[in-house]
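Have a look at this fold, sequence not included:
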C-alpha cells in the first residue's frame, strides 16, 4: 500500500547541509495500523509530509497505492490526496468559517460530488463519531475533543485508502486522547483503511500493529 | 457549482473584511461614473441645444453687414423657404436717464423673429413681444441693479432713447458667463439706426441666423463661397460650439482625478487583499491537504474577490450617479448649455466593468500567492509565510501595466501624453522600490549595538526576513505621490485662474475711441492715463509670398489665425504684461523697406511662422510687408489692452485707427462721474470698469474653484483608508510578535517604541519619497497636459508627507494598543 525507498531529506542552512531524513525505507501493507515514533526532531513530521505527498524528498521515492509520488506534479498529488488520503492533525486544522457539517463535506465537494449526497454522507460520518447533534456548530463552539472528532469525520468522509494522523492526541487530555485513538481503531476496523499514526507517546504507539522507530533521521530497530 | 458553494461558505466571517478591501475601488468607480456621465450629459445637452445655441440651423457671422455675394446666397435660400433672423451685437455705454448712472452693456439688436428656435423668457412675460412694435429694450436684471433703475425707466444708448420693458430670465444659448463683460440689452433692429452707434470701424458682430435644412452639402457650399469673404459659417451640428477652453481644461483635470482615484483604489485593493491572503494561509493549506488543486483554490478566492469587487464597484457607481447629479449645480454658470442630468447607462456600465477589472487584477497578484501555499503549512506554520511569494506572478503585472497604459492613454487629453503618464508611473514605482531597498540596506548598516534595545529591534524589523519594507514603502509612497501630485496640480491650476482677479495697472478701459477724440479724452481723464494704444484693423494677405487663400486650401496654419481680423498697435517699448521669448525687440530702430514685426508666441505657432518669416498685411486695402523679428509671451489674464501683432513706430500712423485708453481712477465716485461725462461727450466711446469685470470673473472662478477643490478633496478623502490599509498589511504579524514579547515580559512602552521605530522609518521614507517625486509629477502634468507653469507649494506638500507618515505611525501605535488589548493566552491560542 505504502512503500518508502531510501527516502532522504536535506535542508540547506547557509553553507551547511542538514540531513533530516537519511535513507529511510519500509513497506506498509493495506489495512494495517502503523505508528511512527521518535523524540522531537527525529524527523517524524518530515517523514509524514513526504509519505503523504505534501513535500518532495531530496532523493528516494514514495509509492502510494501503486503511484510513484515523484512522477506526479503538485496538482496530481492534490487529486490523489483528495481521492485516497485522509489527514488528522495535532491542531485539528478545521476551517474556522465552516460548520462541522460543512468542514466534513469539503473533501467530497472538492471531488465534485453533489451537495445533498455529500451533506448526507457528512451527517452520517459525524453521527458515527458521536457528533450527530453538533452538525451546525462552528469549530470555535466545540471542545478540543469534539473538534478532533470532526477532523476524524472529515478524514473518513471520502473513505480514504490511507489515513495519516500527526500527533492527533497532542492537544488533548489523556482520557479524551484515548477515546480519539479508540475511534481511529474502530474506523480502521470498519473501513479497512490503512492508518499511519505519528506520535511521541509510546503508550499510544503501542496500540498499533507495528511501530517504526525514528532517531536522528534513521529507522532504528 | 461546488466551488462557488465552498467559496460562499468559506467567506462567511471574512466577507465584510474582503468587501472593505475590494470596496477601495468604489471611489475610483464613483469618480469615473460621475465624470463620464457628466461629460455625456454636457455633450448631449450641447447637441440638443445647439440649434438654440446659435439661434437657428445655420449662422453666418461677419464683422460688417453681409457682403453682396453672401446676401445673394441668403436670398436664394429664402426663396426656397428658408427663414432668416438677425442679431447684431456690440458693446456700448448705457445711461439710465432717471438716475443718471452708466454702465457698459452688450447691445443685441434683433429682428422680431429671433430666436428661430427656443423661447426667451422675460419678466413680465409679454415684455419680449413689445420689442416688435415699440422703441423698447429688455435687459439683464443685473443692469437695473447697477443703474439703480427699474422697469419703465428710459435707457439712453448713443443717441437713441428706449423704454425698459422688462428683464431677461433665460435666453437660449446664452451662458450666464456671457454677462461677465456687461449685462445684455436686447433692442429691436429697427432701433439701431437712431443710436448712431455703428460708425466706421466700430467693433460689432453681425450674425444672420437661418432656419433651413442644413445638409452637409449646403454647409460645404456656403463655407467654400464665404470663407474668403471673412464670413464664418456655423451649423448646429458643430457639437462643441461654445465649449470653451476652460471647460476642456476642467475636463482634462477631471480625467486626471478619475485616473488617480482608480489607481488609489487599486492600491487599496492590492494591499488589503495582501493582508487578507496572509489570514488565509492556514485554510488554504488545509484545503490542499484535503485534495484541492491550485485551480480550485484560485477559483474559490478569485470568486470571492470578484463578488466583493462587483459589490464595491456597484456601490461606487451609485455614489458616482449622486455626484453626477450634483456637478452641474456646482458649475452651472460655467457651462454654455443647461445641463439636464440623467442616467447614462453606458458610463455606469463602463465604470462598473473597468472598476471590477482594475480591482481584480490588482487583487490577483496577491491572490495568486495562495496557489503556491504548500499543504505542509498545515503541519508546520512557518512554511506558510515563506511560500507566500508573488514574485513569479508576471502575467498579472503585465496586464496591470497594460491596463494603466490603456487608461492613461484614454483619459489623457492626448495619446502621447497618456503614454508619458504611464511611463511616469513606472518610473515612480521604480524609484520607490529603490528607496525601499536603500532603507533596508541602510537599516542593516547603521544599526549600532550601543543603541537602546527597542530601537535596534524596531530598525531590525526593516531588514529581517519577510520584512514589510518594500510593500509598505511602495504603497504608502505611491499613495503619497498621487495625493501630493493631485494637490500640486490643483493649486497651480487654481492659481492660474486666480491671476484673472489680480490687479492690473489700471482700473478702467476706454475703447472704440476715434482717433480725433483721443486728445479730448486724454484731457478729461487727466493724470490717470496709464497707457494709450492706437488700434489698426487689418488682415493677413500673404505669408512668405503665398496668398492667404492658398494657405487655407493647403491647410497650412490654423484657419482661425489665418482668417481673423487683427487689431494691431504700434509702439517702441514692451508693456508690463508681455515679454520677448524669441528674437529681438525692435525698439526705436527706424523701419526699412520691410517693417519689423512682433507676434504673440501662440499666434505665431498657429500661423506656422518663424523668426524671419515675411508676412504681408492687408491694412484696409493697403498692403504692408513685414518681417517677423520677435515673438512675445502675453499674460492675457491681466485685463489690459493686450495685442497679437505689434508694429514699430513709423509704419501705421497714417492708417485709419481707433484708440484704446487704460486709465487708473482713484475711487468709484470719480469713476462714475467720469463715465457719465465721457458718455455725454462721446456716446460712441465704451468704458469697461475693470473692477466690475474682475468681480464677475472672480465670482465664476470661485465657483469653479469650489468644484475643483471638492473633487480633489474627494480623492484625498479616499486616500486615507487606502493608505491605512496599505500600511497595515502585516500589522497582524507585528501584533503577534508583540504579544510574544509581552509574554516574555516586555512593557507596553517598550513594545510601542519598537513598533513606533519601525513604522516611523517606513512612514517617513515612503511619504517623503512619494512627495518629492510628486514635484516632478506635478511639473510634468502641468507642463504637458495643462500647458501652464508650475510653482512648487513646498509647505503644503511637506504637510501631506507628514500626514502620510503620521498615518503609518498611528498604525504602529494602534498595533501596540492591540497587543495590550488581549491577554497573551488568547493571542497565542488564536495561532
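Yes, it's here. Quick caveat, the model's predicted, so the values are computed rather than measured.

looking at it, residue B:579 is touching residue B:601, isn't it?
No. Using CB atoms under 8 Å, residue B:579 is not in contact with residue B:601; the gap is 10.0 Å. For the C-beta atoms, the positions are set from N, CA and C on the backbone; glycine is no exception.

Common neighbours of these two, please.
B:632, B:633 (CB atoms under 8 Å, 6 or more residues apart in numbering or on different chains).

Between these two, which has more neighbouring residues?
residue B:601 (17 against 12; other CB atoms under 10 Å in any protein chain shown).

How about that one, nearest residue that isn't a chain neighbour?
residue B:631 (4.4 Å; CB to CB, 6 or more residues apart in numbering or on different chains).

Run through the residues that contact the one you found.
Residue B:631 is in contact with B:580, B:581, B:582, B:583, B:598, B:599, B:600, B:601, B:604, B:611, counting by CB under 8 Å, 6+ apart.

Which pair of these spans the longest distance?
Within the contacts of residue B:631, B:600 and B:611 form the most distant pair, 13.9 Å apart (CB to CB).

So those two - more neighbours on which side?
residue B:600 (20 against 14).

Tell me where chain A has strands.
A:2-13, A:16-28, A:33-37, A:59-64, A:67-68, A:85-88, A:162-166, A:194-199, A:210-215, A:218-220 (DSSP state E).

Would you reformat those strands as JSON lines and include mean pLDDT and distance to chain B?
Formatted as JSON lines, those follow (pLDDT from 0 to 100; distance: least, CB to the nearest CB, whole Å):
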{"stretch": "strand A:2-13", "mean pLDDT": "89", "distance to chain B": "12"}
{"stretch": "strand A:16-28", "mean pLDDT": "90", "distance to chain B": "12"}
{"stretch": "strand A:33-37", "mean pLDDT": "91", "distance to chain B": "13"}
{"stretch": "strand A:59-64", "mean pLDDT": "92", "distance to chain B": "13"}
{"stretch": "strand A:67-68", "mean pLDDT": "90", "distance to chain B": "14"}
{"stretch": "strand A:85-88", "mean pLDDT": "88", "distance to chain B": "5"}
{"stretch": "strand A:162-166", "mean pLDDT": "90", "distance to chain B": "6"}
{"stretch": "strand A:194-199", "mean pLDDT": "90", "distance to chain B": "10"}
{"stretch": "strand A:210-215", "mean pLDDT": "91", "distance to chain B": "16"}
{"stretch": "strand A:218-220", "mean pLDDT": "90", "distance to chain B": "20"}
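
Show me which residues of whichever strand or helix holds residue B:422 are buried.
Element membership of residue B:422 [criterion: DSSP states H and E] is helix B:415-446. Going by neighbour count (16 or more other CB atoms under 10 Å in any protein chain shown), the buried part of helix B:415-446 is B:417-418, B:420-422, B:424-425, B:428-429, B:431-432, B:435-436, B:439-440, B:443.

ok, the residues you listed vs chain A, which is closest?
residue B:440 (19.9 Å; CB to the nearest CB).

quick one, what contacts that closest one?
Applying CB under 8 Å, 6+ apart, the residues near residue B:440 are B:462, B:463, B:467, B:469, B:470.

Give the buried subset of these as a ChimeraX selection command.
Under the burial definition 16+ other CB under 10 Å, those of the contacts of residue B:440 that qualify are selected in ChimeraX by:
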select /B:462,463,467,469
